[in-house]
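> Please find the sequence and the predicted model below.
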Amino acid sequence: MSDSQTTVLDAVVVGTGMAGLYMIKRLNDRGLNIQAVEAGSGVGGAWYWNRYPGCRADLPIIEYSYSFSKELQQEWDWTEVMAGQPEIEKYLNHTADRFDLRKDIKFNTKVTDAIYDEAANIWTVTTDQGDVYKTKYCIMATGCLNEPNYPGFKNADSFKGDIYHTAQWPREGVDLTGKRVAIIGCGSSGVQAIPQIAKQAKELIAFQRSPIYTFPAKNAPMNPDFLAQAKADYDDIREQQLNNEMGICNYRGPKKPKDPNAAPKPRPSKKIMDITPEQRKQEIEDFGINVLTLYVDTYYDPEANEIACELYREFLQDYLGDAQKADALSPKNYPLHCKRPVIDTEYYAAFKRDNVSIVDLRETSVEEVTPTGLRTTDAEYEFDVLVYATGFDAMTGTIKRLNIRGRDNQLLADQWKEGPRMYMGLQSVGFPNFFTVTGPGSPSVVSNVLHSIEQHVEWIDNCIGYLQENNIKTIEPELEAQDAWVEHVNKAAEGSMMTAPTCNSWYLGTNIEGKPRGFMPYLAGTKTYREECEEVVEKGYEGFKLETA
Ligand code: NA7
C-alpha cells in the first residue's frame, strides 16, 4: 500500500473500459478536475480482462465502435467484420492515447469505498492503494459483466494443475499444447473458447450444464472496399443506429442500384407458424440454421418457439451424426431467445474432433474437484488444466461488493438486496450525484452496449454540466419515480422469452446462487429509452430531486 494522500476533485470515474474512457473524455472537455481509477494495468475493461482464445465481438465492429469522434471513425482500420479481442483492445488503447486520457487514470488500483458526507456534500472515494479522493460526483463505469463467477465446487482449491477463468485470462497467454484441458461452462465465452482450445489441447472435456442455442457468426476478414464505403456512409449508419431499438443497423455495404429485370430475391417467411413443416425444413436448407432467429413469432409465441427449438435439435442430430454428442449438446426445457444470443465460429465442428468430449451435467452433477481433476456422480475425470467459463455476477455484482454508502450511511448493497432499484438505470434514491453508466433498468446488455454506453455517458455529462451551470448542489431520484421506473422495466419484460418461467440467465440473476430472480435490463429498446431520457430532461429533470446550493 502506498502512502495515503487526499486529492480534491470534481469527479471520480471508476473503470476505464469503453464507458470510462468516453466519460473521461467528456469530463475533460468540460474542464472538470477528475480522476479515473482502474483495477487493471491497462485500459479496455471487458476487452482487457477477457483475453481467452477466440474472444471476439458478437456484433459487426463497424457498429460496435465509438461514434463520438468522426476523426477516430475515419482513421481506424478494422481488419475483421467481428473484430477479435486483441484488435479491440488495441483500438481502445489508441482511443486513450489519441484523446490523451491516460494522464487521468490510476492503474492497478481498486476502489474499495465510496462514502457520502451529507453535510459537506462530498463523496470520499478510497482505494486499495491508500488513495483518498474527495469528490462532488462519482461515476461508476464498471460495466455489466465484470465480476467473474466461480462455481462453488467442493474442494475447488485442491486441484494441483493450472486454473484459469475466461474473464481473468493471463496477459501473457497460456500454452495449452499437448495438455488435457477441462472447461466448465458453455455460454458465449465457452462457445468461443472451445474451438480454439480444441485445436491446441491434447484432449478437451467440456462440462456443460445448459446447452446453448448458438448460431454461426458471419465473421470474415474486412474487405477494404466495404470498409471504405462504410467510412463514407458513417453518418447514415449512425443515424440508422439511433433509429433502431437495438442500436444496430446491420449495415450491408454500398447500396446497389435496383435492376428492374432481376428476379426477386428469395426471402424466408416472417412467421414459422405461416409455413408447413416441409417449408420450414426447406428454409433451413436455403437460408441456413440462422433462419430460426428471423421468425418473429418465435419471440413471443411459445408454440412457434417450441417448433423452432425442435428444428434446432434435429439440425444438430443431422450435423453431428453422433447421437450421444447431439443429445448432450441439445438445448431442452427452455426457449430459444431466453438467454443472450450466442454466435459462434465452428463450435459444433469442434465436437466432431476425436480429442473433444462432452459431459452432460444435466445427467450427472459435479461432486467435487480432486487434486487431479473432477469427480461427477458418474465418473472421475483427470486433466492438467481447469478452465472456468462460468460467466459473471452480472450487472450488480461489482457495485454490490463495494462499500458504497449514501445518505444516512445506507449501504447500496442493502438497498439492492431484493434486486437493483434505480431510476432509469442512472441513479438510486439516497445516493446523490452518484451515477452508473448502463446500470440496471437501462437497455445496456440487451442492445448494442457501446451505443447505450455513449448515450448514458452523454446524458450524465450533460446533467453534470446542467448542475454546474445552475449552481445545483445535488441530483438524486425521487422515490416514487424510482418505484414507477422499476415497475415500468418489469412490465417491458413481460411476455418475452427472456422472462419465461423455464428461462434462467444472467439477465435474470439466476446464474448466481441466492441472487433474487428479476429481469435487470430495460427491454423497451434504445430509441424509446433515449426519448424517455430526453423527455425527463426537457421537463426539468422530471423524477429527480435537484437541490440548489
Ligand atoms: P454465461 O453466458 O453466463 O455462461 C456461463 C456458462 O457457465 C453457462 O453455460 C453456465 O451454465 C455455466 N455455469 C455457470 N455456473 C456453473 C456451474 N456451477 N456448473 C456448471 N456450469 C456452470 O457467461 P459467458 O462468460 O459465457 O458470457 C457472458 C457474456 O459475455 C455473454 O453473454 C456476452 O455478452 C459476453 P447455465 O447456463 O448457468 O446453466
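Done, it's in.

> Near the ligand, which residues of the stretch 1-150 of the chain? Just list them.
By CB under 6 Å from any ligand atom, the part of the stretch 1-150 of the chain that sits against the ligand consists of residue 145. C-beta coordinates here come from the backbone N, C-alpha and C atoms, glycine included.

> Tell me where the stretch 1-150 of the chain has strands.
For the stretch 1-150 of the chain, the strands defined by DSSP state E, counting those that start in this stretch cover 5-14, 34-37, 105-106, 111-117, 122-127, 131-140.

> Enumerate the residues of the stretch 301-450 of the chain near the ligand.
Counting by CB under 6 Å from any ligand atom, the residues of the stretch 301-450 of the chain near the ligand are 340, 361, 389, 390, 391, 392.

> Can you measure across stretch 143-154, start residue to end residue?
30 Å (CA to CA, to the nearest Å).

> before we move on, back to that, using pLDDT, spot the least trustworthy of the residues of the stretch 301-450 of the chain next to the ligand.
Among these, residue 340 has the lowest pLDDT, at 91.

> mind listing the strands for the stretch 401-549 of the chain?
403-405, 434-436, 472-477, 544-548.

> of those, which approaches residue 270 most closely?
strand 434-436 (37.8 Å; CB to CB).

> Check which helices and strands that closest one is in contact with.
When contacts are defined as 3 or more CB pairs under 8 Å, 6 or more residues apart in numbering; DSSP states H and E, strand 434-436 sits against strand 131-140.

> Please identify the buried residues of the strand it packs on?
131, 133, 135, 136, 137, 138, 139, 140 (16 or more other CB atoms under 10 Å).

> In CSV: these, plus distance to residue 459 and pLDDT.
Formatted as CSV, the buried residues of strand 131-140 follow (distance: CB to CB, whole Å; pLDDT from 0 to 100):
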residue, distance to residue 459, pLDDT
131, 28, 97
133, 23, 98
135, 19, 98
136, 18, 98
137, 13, 98
138, 16, 98
139, 12, 98
140, 14, 98
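
> Out of those, which comes closest to the ligand?
Distance to the ligand across the buried residues of strand 131-140 (CB to the nearest ligand atom) is lowest for residue 140, with 18.9 Å.

> which ones are touching the nearest residue to the closest one once chain neighbours are set aside?
Nearest residue to residue 140, sequence neighbours excluded (CB to CB, 6 or more residues apart in numbering): residue 436, at 4.5 Å. Each residue near residue 436 by CB atoms under 8 Å, 6 or more residues apart in numbering is listed here: 139, 140, 142, 399, 422, 425, 426, 427.

> Can you tell me who the last one pairs with across the strands?
Just to be clear, that refers to residue 427. Beta-bridge partners for residue 427, by DSSP bridges, are residue 423.

> What spatial separation is found between the residue in the stretch 251-400 of the chain that the ligand sits nearest to and residue 494?
When distances are taken as CB to the nearest ligand atom, the stretch 251-400 of the chain reaches nearest to the ligand at residue 391, 2.5 Å away. Distance of residue 391 to residue 494, given as CB to CB, to the nearest Å: 25 Å.

> Looking at these two, which is more packed in?
residue 391 (24 against 9; other CB atoms under 10 Å).

> wait, that one sits on residue 511?
Yes. Applying CB atoms under 8 Å as the test, residue 391 and residue 511 come out as touching, 5.8 Å apart.

> so what sits against both of the two?
Shared contacts of residue 391 and residue 511 (CB under 8 Å, 6+ apart): residue 149.

> Return the list of helices and strands in contact with the helix or strand hosting residue 241.
Assigned by DSSP states H and E, residue 241 belongs to helix 234-242. Helix 234-242 sits against helix 70-75, with contacts defined as 3+ CB pairs under 8 Å, 6+ apart.

> average pLDDT for the helix it packs on?
Helix 70-75 carries an average pLDDT of 98.

> thinking in terms of the whole chain, how far from its middle is it?
When distances are taken as CA atoms, centre = their mean, to the nearest Å, helix 70-75 is centred 25 Å away from the chain's centroid.

> Which residues in it does the neighbour count mark as buried?
72, 73.

> same question, stretch 36-50
Those buried within stretch 36-50 under the rule 16+ other CB under 10 Å are 36-40, 42-50.

> and the next element down the chain from the helix or strand of the chain with the lowest mean pLDDT?
The helix or strand of the chain with the lowest confidence, counting by mean pLDDT, DSSP states H and E, is helix 323-329 at a mean of 93. Using DSSP H and E, the next helix or strand after helix 323-329 towards the C-terminus is strand 342-344.

> Does anything pack onto that next one? Which helices or strands?
Looks like strand 342-344 contacts helix 188-200, strand 214-216 (3+ CB pairs under 8 Å, 6+ apart).

> Could you single out the most deeply buried of those?
With neighbours defined as mean count of other CB atoms under 10 Å, the helices and strands packed on strand 342-344 peak in mean count at helix 188-200, which reaches a mean of 23.

> Mind checking the pLDDT average for that one?
98.

> Contacts for that helix, please.
Contacts of helix 188-200 (CB under 8 Å, 6+ apart): 50, 52-56, 58, 166-167, 175-177, 179, 181, 183-184, 186, 204, 206, 208, 212, 214, 340, 342, 344-347, 349-350, 353, 355-356, 387, 389, 391.

> next one: stretch 172-184
When contacts are defined by CB under 8 Å, 6+ apart, stretch 172-184 is touched by residues 51, 151, 162, 164, 190, 193-194, 197, 200-207, 373-374, 381-390.

> how about a cut-off of 6 Å?
190, 197, 200-207, 383-390 (CB atoms under 6 Å, 6 or more residues apart in numbering).

> Filter those residues down to the buried ones, PyMOL style.
Buried members of these, defined by 16+ other CB under 10 Å, are picked up in PyMOL with:
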select buried, resi 190+197+200+201+203+204+205+206+207+383+384+385+386+387+388+389+390
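
> contacting residues for residue 342?
Contacts of residue 342 by CB under 6 Å, 6+ apart are 188, 191, 212, 214.

> which of those are close to the ligand?
residue 188.

> for the contacts of residue 342, which one is nearest residue 517?
Closest to residue 517, out of all of these and judged by CB to CB, is residue 212, at 19.9 Å.

> Got the confidence number for residue 4?
58.

> circling back: residues touching the helix holding residue 241, excluding its own?
Residues contacting helix 234-242 (CB under 6 Å, 6+ apart): 67, 73, 247, 249, 251, 451.

> Show me what secondary structure element comes after that helix.
Past helix 234-242, the next helix or strand by DSSP H and E is helix 277-287.

> on that earlier part again, tabulate the helices and strands packed on strand 342-344 (JSON lines), appending distance to residue 327.
JSON lines is the format used below for the helices and strands packed on strand 342-344 (distance: least, CB to CB, whole Å):
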{"stretch": "helix 188-200", "distance to residue 327": "18"}
{"stretch": "strand 214-216", "distance to residue 327": "16"}
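
> do you know how far the closest residue to the ligand within the stretch 51-200 of the chain is from residue 537?
Proximity to the ligand, evaluated over the stretch 51-200 of the chain using CB to the nearest ligand atom, is greatest for residue 187 at 2.1 Å. Note on residue 187: its distance to residue 537, by CB to CB, is 37 Å.

> ok, these two, which is more surrounded?
residue 187 (23 against 14).

> which residues does the more buried one contact?
residue 391.

> repeat that with 8 Å
Applying CB under 8 Å, 6+ apart, the residues contacting residue 187 are 212, 339, 342, 389, 391.

> Ok, residue 156 next?
150, 369.
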